[in-house]
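Engineer: the following comprises the amino acid sequence and a computationally predicted model.
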Amino acid sequence: MKKLVYGIISGIILAAGIAYGAFERIPATASPVSEPIQMQKQTKVDPVPIGEHVLPPLPYAYNALEPYIDEKTMRLHHDIHHKSYVDGLNKAEKEMKKARETGNYELIKHWEREAAFNGSGDYLHTIFWNNMKPKGGGQATGAIAEEITKSFGSFGAFKAHFSAAAEKVEGSGWAMLVWSPQAGHLEILQAEKHQNLTQQGVIPLLVLDVWEHAYYLKYNNKRGEYVKAWWNVVNWDDVNKRYAEARK
């Protein structure tokens, strides 16, 4: 099975799978465009040098997901919040490199935590942007639709379960549809923050950010309304691509 580059990190960023395969990073200098950028390729990408992760651009315009997700939220979410995770990951990697060079591991616990938190935040957000598209939504299609029915009984049961998981994340976090290679089926998981209360080794296919910065400007404290609206922009083509890679 090929690996996907954006695997879930739980606890320590180097544990169990930050490299599952096929998402190519695009330099932060690129600007959002109206048509989706082809960010997934069936080729192995070059390793990212220590501390040189970059913020990928949105694969569509900032206002492309309206009326469901507003332009101001997208600008703040991508340009400020996501960038902070990229910066935090780079800082943590550089500090751990410095610790290896100096032999001083006094603060290694802190930097491992920073790497887990910020690295997971960076990778999950990159999946999140590509999991959405203008004029998306509807029921799942293709192979993932068949697997959803097999794993959850029906698309309706899956959607109800995923929505409830998203609404009931305690504090800030994510709802995630993942493929479990060990179990051989799909699972729905929550993650608090970005890296807590999840499973090692699973491959995220569809993720929903329910941190308040993802929805508060438009929906205030009505998380459930945000979750309901989000289903209108789900990019099932992207989910199918991730699922196909996960099964290899």
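Structural biologist: Arrived safely. Residues are numbered from 1 along each chain as shown.

Engineer: low-confidence stretches in this protein?
Structural biologist: 1-44, 193-199 (pLDDT under 70).

Engineer: mind listing the helices for it?
Structural biologist: Taking DSSP state H to define them, one finds helices in the chain at 71-75, 83-102, 108-130, 142-152, 155-167, 216-219, 223-230, 236-246.

Engineer: select, out of those helices, the one closest to Tyr60.
Structural biologist: Set against Tyr60 and scored by C-beta to C-beta, the helices of the chain come closest in helix 108-130, at 8.3 Å. From N, CA and C alone the C-beta is placed, and that goes for glycine too.

Engineer: next up, phi/psi of Pro56, please.
Structural biologist: Main-chain torsions, Pro56, degrees, to the nearest 10: phi -70, psi 150.

Engineer: close enough to count as contact, it and Phe128?
Structural biologist: No - with contact defined as C-beta atoms under 8 Å, Pro56 does not reach Phe128; the gap is 11.0 Å.

Engineer: quick one on the thing from earlier: quick one: which of the helices of the chain is nearest Asp209?
Structural biologist: helix 108-130 (5.4 Å).

Engineer: now the angle between helix 83-102 and the closest one, please.
Structural biologist: 150 degrees (axes from the mean of the first three to the mean of the last three C-alpha atoms, to 10 degrees).

Engineer: list the buried ones in helix 108-130?
Structural biologist: Neighbour-count burial for helix 108-130 flags 111-112, 114-130 (criterion: 16 or more other C-beta atoms under 10 Å).

Engineer: packing partners of that helix?
Structural biologist: Counting contacts by 3 or more C-beta pairs under 8 Å, 6 or more residues apart in numbering; DSSP states H and E, helix 108-130 packs against helix 83-102, strand 203-209.

Engineer: one more pass at 10 Å, please.
Structural biologist: helix 83-102, strand 173-180, strand 203-209, helix 236-246 (3 or more C-beta pairs under 10 Å, 6 or more residues apart in numbering; DSSP states H and E).

Engineer: which strands and helices lie in contact with the shortest one?
Structural biologist: Translated: strand 203-209. helix 108-130, helix 142-152, helix 155-167, strand 173-180, strand 185-192, helix 223-230, helix 236-246.

Engineer: and it, which strands flank it?
Structural biologist: strand 173-180 (antiparallel) (DSSP bridges).

Engineer: may I have the strand it pairs with as CSV, with CA atoms only?
Structural biologist: C-alpha atoms of strand 173-180 as CSV (Å, rounded to 0.1, in the frame of the first residue of the first chain):
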residue,chain,number,x,y,z
GLY,A,173,-11.3,19.7,17.1
TRP,A,174,-12.3,17.6,14.1
ALA,A,175,-14.7,14.9,12.8
MET,A,176,-13.0,12.5,10.5
LEU,A,177,-13.9,9.7,8.1
VAL,A,178,-10.9,7.4,8.1
TRP,A,179,-9.8,4.2,6.5
SER,A,180,-8.4,1.7,8.9
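
Engineer: let me know the angle separating that strand from helix 155-167.
Structural biologist: Using the same axes, to 10 degrees, strand 173-180 lies at 140 degrees relative to helix 155-167.

Engineer: any chance of the helices and strands packed on helix 108-130 in CSV, plus distance to Pro134 and mean neighbour count?
Structural biologist: Shown next, in CSV, are the helices and strands packed on helix 108-130 (distance: least, C-beta to C-beta, whole Å; neighbours: other C-beta atoms under 10 Å):
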stretch, distance to Pro134, mean neighbour count
helix 83-102, 23, 16
strand 173-180, 21, 24
strand 203-209, 17, 25
helix 236-246, 12, 21
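
Engineer: follow-up on the earlier one: distance to Arg75 added to the helices and strands packed on strand 203-209, as a markdown table?
Structural biologist: Below are the helices and strands packed on strand 203-209 laid out as a markdown table (distance: least, C-beta to C-beta, whole Å):
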| stretch | distance to Arg75 |
| --- | --- |
| helix 108-130 | 13 |
| helix 142-152 | 30 |
| helix 155-167 | 23 |
| strand 173-180 | 21 |
| strand 185-192 | 24 |
| helix 223-230 | 17 |
| helix 236-246 | 22 |
